[in-house]
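Visitor: from the sequence below, what's the structure:
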Amino acid sequence: MPYRAFDDQNCSIARTLAIVGERWTLLVLRDVSLGNRRFEEIRRSLGVASNILSDRLATLVEHGVLERDGDPPEYRLTDKGRDLRPVLLALVQWGDKYTAGEAGPPVEHVHTVCGHVAAPRLHCSHCGEPIGPRELRMQPGPGANEQQREQYERRLAARR
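Guide: Residues are numbered from 1 along each chain as shown. You can find the predicted model right below:
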């Protein structure tokens, strides 16, 4: 399937996928998070072709998700990159639930403060309560365009 840019979509998911949505990118981020910081370490760990890894690393550096430093170069997460950890954890949780099989999850995440295996949860930034998978709805935000606002209004009217 040919690559299709997301430039025409006013959507934060689409804009994020333009940076981290290519095959191998999230696994590169996983490896850097786990301490594989040199090109060859990452390439060996993933078994990815050098040209693809070079492209993914360049994109992540270009967008400020990783920084490249030293000789030989090492890659480290920036603040922007560390802010993707909850995304990776959400994917891990989904994978543990639906793809791990009888053996169970291959990795457990331990909360360093209490020392217990933790399953991060989404909480409301206003009231602090946990948010369940069916307890969210979407509405136009300040960056919504007219088409998105009209579509929202049509959905609301259809529910009445």
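
Visitor: C-alpha from now on. contacts and neighbour counts both.
Guide: OK.

Visitor: tell me the centre residue of this structure?
Guide: Geometric centre of the chain, nearest residue: Val87, 3.8 Å, by C-alpha atoms, centre = their mean.

Visitor: now the strand or helix carrying that one: buried residues?
Guide: If you go by DSSP states H and E, Val87 is part of helix 85-98. Within helix 85-98, the residues that count as buried by 16 or more other C-alpha atoms under 10 Å are Leu89, Val92, Gln93, Asp96.

Visitor: give me the number of residues near Val28?
Guide: By other C-alpha atoms under 10 Å, the residues close to Val28 number 23.

Visitor: who's in contact with stretch 13-32?
Guide: Stretch 13-32 has contacts (C-alpha atoms under 8 Å, 6 or more residues apart in numbering) with 5-7, 9, 37, 42, 45-46, 48, 53, 56-57, 59-60, 63, 75-77, 81, 88.

Visitor: can you rerun that using 6 Å?
Guide: Stretch 13-32 has contacts (C-alpha atoms under 6 Å, 6 or more residues apart in numbering) with Phe6, Arg56.

Visitor: between the two ends of that stretch, how far is it?
Guide: 22 Å (C-alpha to C-alpha, to the nearest Å).

Visitor: so how far is it from its chain's centroid?
Guide: Chain-centre distance of stretch 13-32: 7 Å, with C-alpha atoms, centre = their mean, to the nearest Å.

Visitor: next one: stretch 87-103
Guide: Worked out by C-alpha atoms, centre = their mean, stretch 87-103 lies 14 Å from the chain centre.

Visitor: can I get that stretch as PDB, trimmed to CA atoms?
Guide: This file holds the C-alpha atoms of stretch 87-103, laid out as PDB (Å, rounded to 0.1, in the frame of the first residue of the first chain):
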ATOM      1  CA  VAL A  87       1.300   5.500  24.700                       C
ATOM      2  CA  LEU A  88       3.800   2.500  24.700                       C
ATOM      3  CA  LEU A  89       2.400   1.300  28.000                       C
ATOM      4  CA  ALA A  90      -1.200   1.500  26.700                       C
ATOM      5  CA  LEU A  91      -0.100  -0.700  23.700                       C
ATOM      6  CA  VAL A  92       1.700  -3.100  26.100                       C
ATOM      7  CA  GLN A  93      -1.500  -3.400  28.200                       C
ATOM      8  CA  TRP A  94      -3.600  -4.100  25.200                       C
ATOM      9  CA  GLY A  95      -1.100  -6.600  23.900                       C
ATOM     10  CA  ASP A  96      -0.900  -8.300  27.300                       C
ATOM     11  CA  LYS A  97      -4.700  -8.600  27.400                       C
ATOM     12  CA  TYR A  98      -5.300  -9.800  23.900                       C
ATOM     13  CA  THR A  99      -2.100 -11.300  22.500                       C
ATOM     14  CA  ALA A 100       0.100 -12.600  25.300                       C
ATOM     15  CA  GLY A 101      -1.500 -16.100  25.400                       C
ATOM     16  CA  GLU A 102      -1.500 -18.600  28.200                       C
ATOM     17  CA  ALA A 103       2.100 -17.900  29.200                       C
END
